[in-house]
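K.L.:
Could you look at this predicted model? Sequence included:
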Amino acid sequence: MLISLDDYHPAADGETPDTLCFQRALDDVASRGGGMLYIPPGPYLIGSLALPANLTLHLAAGATLIASSRPEDYTHQAQSQAECSSRVLLYASHKKNITIEGKGRIDGNAAAWFAAEADNQGYRLPLPERPRILVLEACRQITLQDFTIEQAPMWTVHLVSCEQVRISRLCIDNDLTMANTDALDIDSCRYVHISDSYFSAADDGICIKTTYKPAPLRGPATHITVTGTILRSNSCALKIGTETHDDIEDVVVTGCTILDSNRGIGLLSRDGGHFRRLAFSHITFNCIYGPPVHWGKADPVFISVRPRHPDVAPGEIAWVAFSHLTGTMQGAINLHCEIPGALHHISFSHLLIDQLNCVHPEQGWYDIRPPCNQANPGGMGLDNAYAINPATQRPWGVEPWPGGMPGFYACGVTALSLSEVQIRRPEPLPPGWHPQLIVKRECDDAPDVSV
């Protein structure tokens, strides 16, 4: 059945709240066992909405949902938290068969939640408890397609413990100066396919993770594919981690493009969950230095196994394959493991990369954050991103390359395989660059390295 929002007489002026008429329409869809709610062209100012099962929310071309700037308008609280906030604009829990589609837009109204100007580290101070745009928890049979979300003030789409998810032709375009505005967070989900989409954000483009959350929502993230998608990020374009309280397995990423990103692909194990069977292929990238507050140093691939909390051992990262990667980098590929034997069976084949010299104060430094504050390793916000080490005047976790910047760095990796790896460097080498293209170091135990 089809219901039009026009039947509920919204103001549709972008200034008068339309939350109540939206929720009445959604409740009517639920009372009839499901159906399509059609949103005609026009601007609609809304607060929190609860989505029912068996819903198709169709945003017509010209329809714009504008997120309220008033904290009190976010009445629905998610079970999961993000940066200490449970607020959410569109929410569903334990529902199935939800589709959001159409050529319309959702405007997150991010400017209302951030300082007007960035500080000298590129950080715009946010207000507390910013809302996420879309949070689905323990839902099944989810489709997100064709619509646009822009200017999110917090994580944009957060899928928690969901199954059977299809995302296609989704556009998320956030302000590149606003931190923690991840485009897409896949959290403890299974059977997820993402294709033909565009994600641009100051924080991660796509982040696959297993956060700490209530026990019924805990679980691994498995069987996830990403194809034909364009990513841009001031942090990490495609990240797995750092929140890794449960395992992450069977992830395939292919045919993607990474634009103007501070870090391309990041695998960061911190909280005990294991990473296994991950494959990345046919990816082009352009990795450039971003604002210092963001993790990364223009590295196309970063793999890190490092404790966050002294009482929690990070899980292993194993059986990871990279093939047919091509692009440019101002930094270097960086593999770093502080736990003997915890990073193993990593392969790189058919790489063609140009390592570029640039006039930038961060060239010559590498970044293994987090943790960032030795006194509070689980801290949030700036405490977790930019706590300064007095010895270097840079954040804890940002260090100079030992002996200069190489093209490929591997520390503490067991069973590393490199085949058909070409990294072209300037000639002559700029000052401060390592004379060796590939540098391998042993962290505690002697790794088995084959080149």
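P.N.:
Happy to help now that I have it.
K.L.:
and Leu343, how many neighbours?
P.N.:
By the measure other C-beta atoms under 10 Å, the count of residues near Leu343 is 31. C-beta here means a position set from N, CA and C on the backbone, and glycine is covered the same way.
K.L.:
do Gln436 as well
P.N.:
Other residues near Gln436 come to 13 when the count uses other C-beta under 10 Å.
K.L.:
any idea how far Cys236 is from the residue lying closest to it once chain neighbours are set aside?
P.N.:
Of all residues not flanking Gln436 in the chain, Pro406 sits nearest, at 5.9 Å (C-beta to C-beta, 6 or more residues apart in numbering). Using C-beta to C-beta, to the nearest Å, Pro406 is found at 21 Å from Cys236.
K.L.:
which intervals of the stretch 51-200 of the chain have sub-threshold pLDDT?
P.N.:
Nowhere does the stretch 51-200 of the chain drop to pLDDT under 70.
K.L.:
Show me what counts as buried in stretch 250-263.
P.N.:
Along stretch 250-263, these residues count as buried under the neighbour rule (16 or more other C-beta atoms under 10 Å): 250-254, 256-263.
K.L.:
what's the answer for stretch 225-240, then?
P.N.:
For stretch 225-240, the neighbour count (16+ other C-beta under 10 Å) marks 226-227, 229-240 as buried.
K.L.:
Determine how far the last residue of stretch 107-117 lies from the first.
P.N.:
Start-to-end span of stretch 107-117 (C-alpha to C-alpha, to the nearest Å) is 20 Å.
K.L.:
let me fix that: stretch 12-23
P.N.:
15 Å.
K.L.:
Parallel or antiparallel, which strands does whatever helix or strand Ile3 lives in pair with?
P.N.:
In the assignment (DSSP states H and E), Ile3 maps to strand 2-4. According to DSSP bridges, strand 2-4 forms sheet pairs with strand 35-39 (parallel).
K.L.:
what's the distance between the partner strand and the middle of its chain?
P.N.:
Taking C-alpha atoms, centre = their mean, to the nearest Å, one finds strand 35-39 lying 30 Å from the centre of the chain it belongs to.
K.L.:
Stretch 308-321 now?
P.N.:
Centroid separation between stretch 308-321 and its chain, computed with C-alpha atoms, centre = their mean, is 19 Å.
K.L.:
got it, and stretch 13-25?
P.N.:
Its chain's C-alpha centre and that of stretch 13-25 lie 31 Å apart, by C-alpha atoms, centre = their mean.
K.L.:
Same check on stretch 93-101?
P.N.:
Its chain's C-alpha centre and that of stretch 93-101 lie 22 Å apart, by C-alpha atoms, centre = their mean.
K.L.:
Could you pull out the buried residues of that stretch?
P.N.:
Neighbour-count burial for stretch 93-101, counted by 16+ other C-beta under 10 Å, picks out 93, 95-101.
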